[in-house]
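Q: Using only what follows, build the 3D model:
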Amino acid sequence: MRILLAGQKAFGAEVYRTLANIKGIEIVAVASPVGKENIDRLTNLAITYGTKIIPAGTLNAMTMPDGIDLIVAAHSHDFIGEKTRFRSRFGGIGYHPSLLPIHRGRDAIAWTIRMGDRITGGTVYRLSNRMDGGNVLAQQFVFVRRGITPKDLWRETLFPLGVKLLVEVVCKIQKFGYIEGTPQDERYATWEPSIGRPPAFRPDLIMIE
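A: Prediction:
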């Protein structure tokens, strides 16, 4: 199965390493940050293994390589538009560090801590025209210990959980083909704003390619 991996940082790199070691999976290209200094970990890994790099922010239907079976978003901040997803045989999937539809938005972990949640989790969902709003493909809860920081909750628990869930879903798609998933229940949906950075792009409000 031919994969395009869109992501960045340690999480994107770990997903790359894990998927690349699975028989029958080929990472054809990555969409990741490109810069002259402080090279991104996923970008560096792609360079090391000679994988095609599409600079973050430039992935669209025109730059999408031919013959992609699945788009995997692993800590990607770029919205992957409908026309781009349609160029992939099985569409796209992504990981969100919350029990969707709760805590949609970029800073789900920080809001989990701020709101005093005792239970959170991770969700692999189908990429759609609604940010963090696609059908759920896999989901698992974890407990949140008192006093933990957002950084430690991510590093110790939600990071490894995300790699595990993404790989499980990719392997299911590799074996069975397209998986529809289960629609999110909008009655329980929450959206929290970004903290200390510009608001996230809302594809459910503006359609792009």
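
Q: pLDDT (mean, whole number) over stretch 43-61?
A: Computed over stretch 43-61, the mean pLDDT rounds to 96.

Q: chain center to that stretch: distance?
A: Chain-centre distance of stretch 43-61: 16 Å, with C-alpha atoms, centre = their mean, to the nearest Å.

Q: what about that stretch, start to end distance?
A: End-to-end distance of stretch 43-61: 21 Å, with C-alpha to C-alpha, to the nearest Å as the criterion.

Q: Contacts made by that stretch with the rest, please.
A: Identification of contacts with stretch 43-61 by C-beta atoms under 8 Å, 6 or more residues apart in numbering yields 4, 6, 8, 13, 16-17, 20, 27-34, 39, 63, 65, 76-78, 80-81, 83-84, 86-87, 209. Just so you know, the C-beta spots here come from the backbone N, C-alpha and C atoms, and that holds for glycine as well.

Q: Restricted to buried residues, select those in ChimeraX.
A: Applying 16 or more other C-beta atoms under 10 Å to the contacts of stretch 43-61, the buried members can be selected in ChimeraX as follows:
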select :4,6,8,13,16,27,28,29,30,31,32,33,34,76,78,80,81,84,87
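
Q: Point out the ones among the contacts of stretch 43-61 that are inside helices.
A: Among the contacts of stretch 43-61, DSSP state H puts 13, 16-17, 20, 83-84 in helices.

Q: Which neighbouring elements make contact with the longest helix along the chain?
A: When the chain is parsed with DSSP H, its longest helix is helix 159-176. Judged by 3 or more C-beta pairs under 8 Å, 6 or more residues apart in numbering; DSSP states H and E, helix 159-176 is in contact with helix 9-20, strand 70-74, strand 92-96, strand 119-126, strand 136-143.

Q: Tell me the buried residues in the second one?
A: In other words, strand 70-74. For strand 70-74, burial by neighbour count (16+ other C-beta under 10 Å) applies to 70-74.

Q: want to throw those into a markdown table with pLDDT and distance to residue 46?
A: As requested, these are exported to a markdown table (pLDDT from 0 to 100; distance: C-beta to C-beta, whole Å):
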| residue | pLDDT | distance to residue 46 |
| --- | --- | --- |
| 70 | 98 | 17 |
| 71 | 98 | 15 |
| 72 | 98 | 14 |
| 73 | 98 | 15 |
| 74 | 97 | 13 |
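
Q: and which of those is nearest residue 92?
A: residue 71 (3.4 Å; C-beta to C-beta).

Q: The nearest residue to the closest one once chain neighbours are set aside and residue 160, how far apart?
A: Excluding its sequence neighbours, the residue lying closest to residue 71 (C-beta to C-beta, 6 or more residues apart in numbering) is residue 92, at 3.4 Å. Using C-beta to C-beta, to the nearest Å, residue 92 is found at 22 Å from residue 160.

Q: again with residue 138
A: From residue 138 to residue 160 the distance is 14 Å (C-beta to C-beta).
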